[in-house]
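Visitor: I'd like to go over a predicted model; first the sequence, then the structure.
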Amino acid sequence: MVIATMFYCNLLKIKDFISNRGCLGTAGPYSLSLSIVLCLTLMGVSPARAQLSLGGPPDDVVEEQIEESVEEAVEEAVDDNVGDSVAEQVEDAVEEAVEERLLSLGGDGIDQSIEERFEEQVEESVEENIEEEVVDAVEDSVEEQVETIVEEEIAESITEDLEESVEETIEDAVEEVIEESVEEIVEATLEESVEQVVETSVEDSVEDSVESVVEQSVEQVVEVSVEESVEDTVEASVEQGVALAVEQGVEQSVEDSVEQGVEGEVASAIEEQIESEIDDILEGLESRLEVDESRIMRDQWLVMAEPEVFEQLAEEGYLFASVTDLPGMGMRLAEVAAPSSFDITEVRQGVIDVVGKERAKVDLNHIYTAGDPVSISPEDGVLPRDAIGFPADTEGMNLSIGMIDSGVDVTHPALAGSSIKSQSFASKGAKLPDFHGTAIASIIAANNDDYQGLAPSANVYAAAVFENDRDRGEIASTVALVRALDWLMSSGVDVVNISLAGPPNRLLETALSRAADQGVMILAAAGNGGPVAEPLFPAAYDSVVAVTAVDSAGQVYRLANRGSYLDLAAPGVDVMHARAGGGYSASSGTSFAVPFAATAAARLRQLEPGIDALEVLANSAEDLGPPGRDNIYGYGLLRPSATGAPSVATSDM
């Protein structure tokens, strides 16, 4: 180990000398010459081969001075050159060994400061042991060899021009020896010696030290403060560096903590302010909508929450006469009769004060409509399969599609062979219309020789929510929509087609979010309010895919809503469909565009469950308006045939 270390250190000095072409460094000519002689001796190169004969026999005085100088030079070389270089190598090796050992012992769980203190303690211990071994061995072995060689060779060679001659002679000797031997010696001797020494000595020492120290000292080191440990184990210069680092770290930590605290408080305050402002905006919007009593069920308000919330409200004196369980959502819905003079804002705040803001939703029972379809003669209409190309595999797929609409005339010849399961969620005893629902169901799943839907083998779950009102025509309430959605979720449908629109409602928004969280994809009509109309719901909710309508030329439907909430465009102008009671009609509106997108989404989700169907459809859509998503066409015109299989369309838009 000592020989390898001395060899390595002197090789470094020789390399440094060659690089500087004669620069002797801070150790002086004696130190360098001794290092070269020692290195050559250890390498097996005799002084005669090194050509160190410099002339002139010395007298006795010179010989004594040489011996003293040699001894001093040896000690200085050992202390300065060997000790420092060995210490640096040992420190590097120890650090790597300590890190590897700590990792093998589960170092991930040990605090960084403990790891650093162990490294320092082990490094100091190994340094002291190795330095003692190096000094003893060098003094015993190197002094004898060097003194003998120097007495025989240097004594005959020293002259008045010692510095100049030594430099020139050493340079020649070094060039010859290094050119012949360095590569072989470094690769063969240095690698074998140093690696063996480091691996055997350091690994054993570190492993033993770490195991014993870690087992015995972890609890003690954790309890002792960093300041006391540094003061006891680090020298003065290191103490200053550590103190400075700690000071900077503490300052930075304090600064970061203060900044994070301030940022957190500011963010929280801003968030609360924004939420408050949004609530105020929604309140104002609701107030404007509520002025039109055709948009609400008068003298009624609703509460929707999880069952335990209702239990808490009951303890506070809130009693509800009509409560409906919503098992698909894991919630309950309560309908409360109230005088026309009541303030929904005060009622909502009262419930929130009891159970908290996010635990219960309180709102009015809003009204939704499908819009009056613009119809033409069926002879001028476009068959669904001719309106847009669908992959051939769609025809035979057992897609699971839900729809929230009016009733469906399942006795119609086009639907008699279709798989349609219906259930009504309108008021008891109400008269149920079936024109609109029959039209949508036929576009999806009609299955006879005269008229084929997009997916004739699909399983359709039709939730009837519309009822005829003497003053307001065909309407659907929030209660009916929420209950219908819960039924569809319980039925396990992949997508839900909603061909209606109306005002925002907190209960409906929450129900749609619950459905989306459970993997049900909701698609809804953008609305037929015209280009300057306000956004309509549920299409405008983030959890819903908003669909607008275009004609056979790709032009947007003239009455379609516009806005940033639009996602896709699909055929919805002059689309031919079954008419309740028999026969066929052709109608226009955003409602008739939704079944195209719903069928395409259902196909993708069945082919690859868990897929982001909207992303796929958006990426394959034909961009009709300004580049990218826009307020007229959304991502663009639906192109189902671009998502996988050959098209079955006979014509294209």
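Guide: Alright, I've got the coordinates.

Visitor: Residue 549 belongs to a strand, doesn't it?
Guide: Yes: assessed by DSSP: H, G, I helix; E, B strand; the rest coil, residue 549 belongs to a strand.

Visitor: so what's it bridging to?
Guide: Residue 549 has these beta-bridge partners by DSSP bridges: residue 570.

Visitor: Thought residue 572 was touching it, still the case?
Guide: Yes: Residue 549 is in contact with residue 572 according to CB atoms under 8 Å; the separation is 2.4 Å. C-betas here are computed from N, CA, C, even on glycine.

Visitor: Which neighbours do those two have in common?
Guide: With contacts taken as CB atoms under 8 Å, 6 or more residues apart in numbering, residue 549 and residue 572 have 557, 560, 588-590, 592-593 as neighbours in common.

Visitor: Go through those and flag which are in helices.
Guide: Among these, no member is found in helices (DSSP state H).

Visitor: Separate out the buried members of these.
Guide: 557, 560, 588-590, 592-593 (16 or more other CB atoms under 10 Å).

Visitor: Now distance to residue 607 too, for those residues, in TSV please.
Guide: Output for those, formatted as TSV (distance: CB to CB, whole Å):
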residue	distance to residue 607
557	30
560	30
588	31
589	29
590	27
592	25
593	22
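
Visitor: farthest pair in those?
Guide: 560 and 592 (11.3 Å; CB to CB).

Visitor: who touches both of these two?
Guide: In contact with both residue 560 and residue 592: 549, 572, using CB under 8 Å, 6+ apart.

Visitor: list the contacts for the residue nearest to residue 591 when sequence neighbours are not counted?
Guide: Leaving out its chain neighbours, the residue that sits closest to residue 591 by CB to CB, 6 or more residues apart in numbering is residue 499, at 3.6 Å. Residue 499 sits next to 370, 403-405, 436, 440, 524-525, 591-592, 594-595 when contact means CB under 8 Å, 6+ apart.

Visitor: one more time with 7 Å, if that's ok
Guide: Residue 499 sits next to 370, 405, 436, 440, 525, 591, 594 when contact means CB atoms under 7 Å, 6 or more residues apart in numbering.

Visitor: Tell me how far residue 373 lies from residue 512.
Guide: 24 Å (CB to CB, to the nearest Å).

Visitor: quick one, which of the two is more surrounded?
Guide: Each of residue 373 and residue 512 has its neighbours counted (other CB atoms under 10 Å); residue 512 has more, 25 against 18.

Visitor: Does the more buried one belong to a helix, a strand or coil?
Guide: helix.

Visitor: Same question for residue 595.
Guide: Residue 595 falls in the helix class when you classify it by three-state DSSP.

Visitor: Next, work out how far apart it and residue 439 are.
Guide: Distance from residue 595 to residue 439, counting by CB to CB: 9 Å.

Visitor: joint contacts of those two?
Guide: By CB under 7 Å, 6+ apart, residue 595 and residue 439 have no common neighbours.

Visitor: show me where pLDDT drops low in the stretch 551-653 of the chain?
Guide: Applying pLDDT under 70 to the stretch 551-653 of the chain flags the ranges 644-653.

Visitor: just the helices in it please.
Guide: 594-607, 613-620 (DSSP state H, counting those that start in this stretch).

Visitor: repeat for the stretch 301-450 of the chain
Guide: 307-315, 344-355, 384-387, 435-445.

Visitor: Can you tell me which of those is packed in deepest?
Guide: When those are scored by mean count of other CB atoms under 10 Å, the highest mean neighbour count falls to helix 435-445 (a mean of 29).

Visitor: And for residue 572, the neighbour number?
Guide: Counted with other CB under 10 Å, residues neighbouring residue 572 total 29.

Visitor: now the end-to-end length of stretch 448-465.
Guide: Stretch 448-465 has its terminal residues 27 Å apart, counting by CA to CA, to the nearest Å.

Visitor: List the buried residues of it.
Guide: Buried residues in stretch 448-465, defined by neighbour count with 16+ other CB under 10 Å: 448, 451-456, 458-465.

Visitor: With mean pLDDT added, can I get the helices of the stretch 301-450 of the chain in JSON lines?
Guide: Shown next, in JSON lines, are the helices of the stretch 301-450 of the chain (pLDDT from 0 to 100):
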{"stretch": "helix 307-315", "mean pLDDT": "92"}
{"stretch": "helix 344-355", "mean pLDDT": "84"}
{"stretch": "helix 384-387", "mean pLDDT": "96"}
{"stretch": "helix 435-445", "mean pLDDT": "98"}
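
Visitor: Rebuild these as JSON lines, extending it with distance to residue 508.
Guide: JSON lines is the format used below for the helices of the stretch 301-450 of the chain (distance: least, CB to CB, whole Å):
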{"stretch": "helix 307-315", "distance to residue 508": "18"}
{"stretch": "helix 344-355", "distance to residue 508": "15"}
{"stretch": "helix 384-387", "distance to residue 508": "29"}
{"stretch": "helix 435-445", "distance to residue 508": "19"}
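
Visitor: among those helices, which is nearest residue 538?
Guide: helix 435-445 (15.8 Å).

Visitor: Now the element after that closest one, going C-ward?
Guide: Note on helix 435-445: by DSSP states H and E, the next helix or strand toward the C-terminus is strand 459-464.

Visitor: how many degrees apart are that next one and helix 435-445 in direction?
Guide: Comparing the axes of strand 459-464 and helix 435-445 via axes from the mean of the first three to the mean of the last three CA atoms, to 10 degrees yields an angle of 170 degrees.

Visitor: and strand 459-464, what does it pack onto?
Guide: Packing partners of strand 459-464 (3 or more CB pairs under 7 Å, 6 or more residues apart in numbering; DSSP states H and E): strand 400-405, strand 419-424, helix 435-445, helix 478-491.

Visitor: redo that, cut-off 6 Å
Guide: The criterion is 3 or more CB pairs under 6 Å, 6 or more residues apart in numbering; DSSP states H and E, and the helices and strands that strand 459-464 contacts are strand 400-405, strand 419-424, helix 478-491.

Visitor: Quick check: can you name the pairing partners of the helix or strand following the longest one and their directions?
Guide: With elements assigned by DSSP H and E, the helix or strand that comes after helix 478-491 is strand 495-498. Paired with strand 495-498 in the same sheet, following DSSP bridges, are strand 400-405 (parallel), strand 521-525 (parallel).

Visitor: quick one: buried residues of strand 495-498?
Guide: Here strand 495-498 shows 495-498 as buried, counting by 16+ other CB under 10 Å.

Visitor: swap in stretch 411-425?
Guide: Residues 412, 414-415, 418, 420, 422, 424-425 are the ones in stretch 411-425 that count as buried (16+ other CB under 10 Å).

Visitor: Please convert those to a markdown table, extending it with pLDDT.
Guide: Listed next are the buried residues of stretch 411-425 as a markdown table, based on pLDDT from 0 to 100:
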| residue | pLDDT |
| --- | --- |
| 412 | 98 |
| 414 | 97 |
| 415 | 98 |
| 418 | 97 |
| 420 | 98 |
| 422 | 97 |
| 424 | 97 |
| 425 | 98 |
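
Visitor: What is the nearest of those residues to residue 482?
Guide: Using CB to CB, the buried residues of stretch 411-425 come closest to residue 482 at residue 425, 8.8 Å.
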